[in-house]
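Participant: could you work out the structure for the sequence below:
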Amino acid sequence: MSKASSVSVLFVCMGNICRSPTAHGVFRKIVRDEGLDSLIEIDSAGTHAYHVGSPPDSRAQATALSRNLDLSDLRGRQVETEDFQRFDYVLAMDKENMDILNQLCPAGAEEKLRLFMDYAPDYGIPEVPDPYYGGDRGFEQVFDMIEEASRGLLEDIRQRHLS
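Facilitator: Predicted coordinates for the structure are as follows:
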């Protein structure tokens with residue numbers, strides 16, 4: 001892959017109110033803290049239209065705020081076929097959403113699709129679990145996983161696009 005002056009990342013889960021906006025917010029903060037926000041575009045979307053226009057789940061927001069991260073500006077949207085042209089990375093939170101993305105993916109864009117946890121292989125869990133129906137602890141676990149994968153993703157972007 002050629003080096004680029006900017007890179008774009010799309011995080012995808014089912015409804016775009018728990019995992020993908022958490023990843024959006026966590027990665028945005030890491031990118032800002034590294035001074036790379038002018039070089040990396042970040043967005044999130046859901047494979048389903050359940051929560052289009054809605055803010056992140058209140059438990060996701062509370063977990064983020066407890067870690068000095070504000071997700072309140074984010075709103076749910078559904079992934080579109082055009083996202084495969086717009087984004088360099090289309091990252092699914094789990095295999096079920098990866099399967100849906102594979103069906104939407106135009107020919108030639110398959111290399112953009114990955115599971116987000118591929119960027120945290122030492123974590124030992126291949127998918128970010130959906131915390132929606134669980135308790136608050138599930139949101140804490142998801143946040144920890146996302147932080148780990150976000151660091152790995154940024155390293156991949158640095159090596160492949162920004163060096």
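Participant: now the strands for this protein?
Facilitator: 7-13, 40-46, 89-92, 113-115 (DSSP state E).
Participant: need the longest helix for this structure.
Facilitator: The longest helix of the chain (DSSP state H) is helix 136-157.
Participant: tell me which residues of that one are tucked away?
Facilitator: Along helix 136-157, these residues count as buried under the neighbour rule (16 or more other C-beta atoms under 10 Å): 138-139, 142-143, 145-150, 152-154, 157. Every residue, glycine included, has its C-beta placed from N, CA and C.
Participant: and that helix, what other elements does it pack with?
Facilitator: strand 7-13, helix 19-33, helix 58-65, strand 89-92 (3 or more C-beta pairs under 8 Å, 6 or more residues apart in numbering; DSSP states H and E).
Participant: and the strands of the chain as a markdown table, adding distance to Gln78, mean neighbour count and mean pLDDT?
Facilitator: Below are these laid out as a markdown table (distance: least, C-beta to C-beta, whole Å; neighbours: other C-beta atoms under 10 Å; pLDDT from 0 to 100):
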| stretch | distance to Gln78 | mean neighbour count | mean pLDDT |
| --- | --- | --- | --- |
| strand 7-13 | 10 | 25 | 98 |
| strand 40-46 | 6 | 23 | 98 |
| strand 89-92 | 13 | 26 | 98 |
| strand 113-115 | 17 | 17 | 98 |
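Participant: could you save those as TSV and add columns showing distance to Asp122?
Facilitator: Shown next, in TSV, are the strands of the chain (distance: least, C-beta to C-beta, whole Å):
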stretch	distance to Asp122
strand 7-13	20
strand 40-46	23
strand 89-92	18
strand 113-115	15
